[in-house]
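Peer 1: Pasting the sequence and the predicted model now:
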Amino acid sequence: MSAMYPMMLSIHSGMRWLVLISLIYTIIRAYSGFNKNLEYGKLDGIAKTVTVIMAHLQLIIGFGIYFMSPFVKSILHPVVGINPYNENSIFYAFIHPIAMIGSIVAITIGSAKARRMELDSAKFRVILVWFGIGLFLALVLIPWSFYPIVGRPFIR
């Protein structure tokens with residue numbers, strides 16, 4: 001295992017909080033803007049853009065971890081006599097990456113669709129829906145410390 005692997009895991013673990021905070025902040029702004037019929041302002045655009053950038057950076061770091069991961073290596077190159085297909089390896093090799101890619105795709109779609117909307121209320125609605133889907137997927141499939149089998153610490 002590379003010495004970079006634990007460092008990247010720590011960065012990935014810490015950055016999830018920044019992504020989640022940014023995502024929640026952007027959703028709250030979109031909810032407020034939609035319900036109060038506010039004007040879509042510069043701060044709304046900055047919040048959306050920062051959230052998308054941080055989500056994509058998290059994805060890039062996640063891909064780096066994925067290709068260094070002992071779980072993925074154990075599935076791709078199994079050792080004779082050892083069953084690599086356990087809950088941890090399946091979660092980290094397939095479920096977590098697919099869900100997080102789905103989350104980031106939803107965030108990206110929401111950002112792109114909102115950019116094309118004319119009405120401010122439509123921009124807020126699109127961000128609210130698509131970023132909400134992204135947040136849901138992320139929250140459900142982040143390996144939280146309270147998950148019995150695949151859980152990881154809140155902060156590495």
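Peer 2: Perfect, thanks for sending it.

Peer 1: after the helix or strand encompassing residue 11, next one along is what?
Peer 2: Assigned by DSSP states H and E, residue 11 belongs to helix 4-35. Once the chain leaves helix 4-35, the next helix or strand it forms, by DSSP H and E, is helix 42-68.

Peer 1: which of the residues in that following helix are buried?
Peer 2: Of the residues in helix 42-68, 44, 47-48, 51-52, 54-55, 58-59, 61-62, 64-65, 68 count as buried by neighbour count, 16 or more other Cβ atoms under 10 Å. C-beta here means a position set from N, CA and C on the backbone, and glycine is covered the same way.

Peer 1: same thing with stretch 101-113?
Peer 2: For stretch 101-113, the neighbour count (16+ other Cβ under 10 Å) marks 103-111, 113 as buried.

Peer 1: Report the distance from it to the chain centre.
Peer 2: Between the centre of stretch 101-113 and the centre of its chain there are 10 Å (Cα atoms, centre = their mean, to the nearest Å).

Peer 1: do stretch 135-143 as well
Peer 2: That offset, for stretch 135-143, works out to 7 Å (Cα atoms, centre = their mean).
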